[in-house]
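Asks: Quick one, fold the following:
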Amino acid sequence: MTRRPPARRRTAARRPSRRRGRHGTSVTVPAVAAVVAAAVIVRVVNWLLAHWWFLLIAAVLAAVGGFGWWQQRTQRTRWEQVHLRALRYGLAQLDALSHRQFEYAVRDLMHRDGCTDAVQVGGQGDLGADVKATDPLGRRWVIQCKHRRHGERGAAVGTPELQVLNGTGRPVHKGDVVVMVTNGRITQPGRIFARQQRLHLVDRHLLGSWAAGSRPLWELLPALPAPRRASPLSRDPDTPGWPERA
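Replies: Reported below is the predicted structural model:
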């Protein structure tokens, strides 16, 4: 019979000891690190207890810094509100915008009027809504924007565009007030369709009054639905036609 080489037996016997060495090292390093970290923490705590005045100064500085940050934030918010209240657009300014910029301008005007949640949502797959907002009386606004580069000389908004808005404004977007806004014209058949479907129209003339003035859009449009929430300006909830509250 052939005997196994003795070198292989010695090699096999040495392997477990090497593994034990590696395992012992991997356990020792975290333990030493934990001991060192605990010692450092103890020394820091003892130093802070001996120098309590340092903690007092740090607390005062933190309080002063926090107050300054809060004051700057309040001032910035106040200036933003002032800017929004003073927001005005001329028709020439609106004509010079791109379609997307026009959507943001309409959003900012709604925000100026008190719709703090006004948001621009226009884009691919918007399903006929470019701006959404909730007015101070709780009504949900769904607005489609049609910007015409040449203003009144551009293509008029007609029945097909209004049909798209009518098909999604209430069923899909759950709007209480569904509006078409354009810096151009609206065809007469489109106006008739809008009146039949209770859609609201903001043409170039009305847009000029709204954008350059200070009155909110709901004061310029007729026959709006009743408010959703009670307020000094809202109708009596017992009045017929009062909608369910949100």
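Asks: Spit out the contact partners of Ala211.
Replies: Residues in contact with Ala211, defined by C-beta atoms under 8 Å, 6 or more residues apart in numbering, are 88-91, 94, 105, 109. Yep, even glycine has a C-beta here, placed from its N, CA and C like the rest.
Asks: Can you name the residues bridging to the residue positioned nearest the centre of the chain?
Replies: In the chain, the residue lying closest to the centroid (C-alpha atoms, centre = their mean) is Val119, at 6.8 Å. Bridge pairing for Val119 (DSSP bridges) gives the partners Lys132.
Asks: Could you report the distance from it to Ala133?
Replies: Val119 is 7 Å from Ala133, where distance means C-beta to C-beta, to the nearest Å.
Asks: Does His111 touch Gln120 like I think?
Replies: No. Taking C-beta atoms under 8 Å as the contact criterion, His111 and Gln120 are not neighbours in contact, 10.4 Å apart.
Asks: who's more crowded, those two?
Replies: Counting neighbours by other C-beta atoms under 10 Å for His111 and for Gln120 shows that Gln120 has the greater number, 22 against 18.
Asks: Quick one: residues contacting that one.
Replies: Under the criterion of C-beta under 8 Å, 6+ apart, the neighbours of Gln120 are 103-104, 106-107, 130-131.
Asks: which ones are touching the closest residue to it other than its chain neighbours?
Replies: Distance criterion C-beta to C-beta, 6 or more residues apart in numbering; nearest residue to Gln120, sequence neighbours excluded, is Arg107 at 4.6 Å. When contacts are counted by C-beta under 8 Å, 6+ apart, Arg107 touches 118-120, 131, 133.
Asks: what secondary structure does Arg107 sit in?
Replies: For Arg107, the secondary structure call by DSSP: H, G, I helix; E, B strand; the rest coil comes out as helix.
Asks: All the strands of the protein, residue numbers only.
Replies: 119-120, 131-134, 140-146, 177-182, 200-202 (DSSP state E).
Asks: and those as a markdown table, adding mean pLDDT and distance to Ala194?
Replies: Formatted as a markdown table, these follow (pLDDT from 0 to 100; distance: least, C-beta to C-beta, whole Å):
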| stretch | mean pLDDT | distance to Ala194 |
| --- | --- | --- |
| strand 119-120 | 96 | 23 |
| strand 131-134 | 97 | 18 |
| strand 140-146 | 97 | 12 |
| strand 177-182 | 98 | 7 |
| strand 200-202 | 98 | 5 |
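Asks: Rebuild those strands as JSON lines, extending it with distance to Ala211.
Replies: Rendered in JSON lines, the data for those read as follows (distance: least, C-beta to C-beta, whole Å):
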{"stretch": "strand 119-120", "distance to Ala211": "16"}
{"stretch": "strand 131-134", "distance to Ala211": "14"}
{"stretch": "strand 140-146", "distance to Ala211": "12"}
{"stretch": "strand 177-182", "distance to Ala211": "10"}
{"stretch": "strand 200-202", "distance to Ala211": "10"}
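Asks: Out of the ones you listed, which is closest to Ser214?
Replies: Ser214 lies closest, by C-beta to C-beta, to one member of the strands of the chain: strand 200-202, at 16.2 Å.
Asks: low pLDDT regions in this protein?
Replies: Within the chain, the stretches with pLDDT under 70 are 1-27, 68-85, 229-246.
Asks: where along it do the helices fall?
Replies: For the chain, helices defined by DSSP state H occupy the ranges 6-50, 52-85, 91-95, 99-112, 159-169, 188-197, 204-212.
Asks: Next, give me the two most distant ones among the contacts of Gln120.
Replies: Taking C-beta to C-beta, the two most distant members of the contacts of Gln120 are Tyr104 and Asp130; they sit 9.6 Å apart.
Asks: All set now, cheers.
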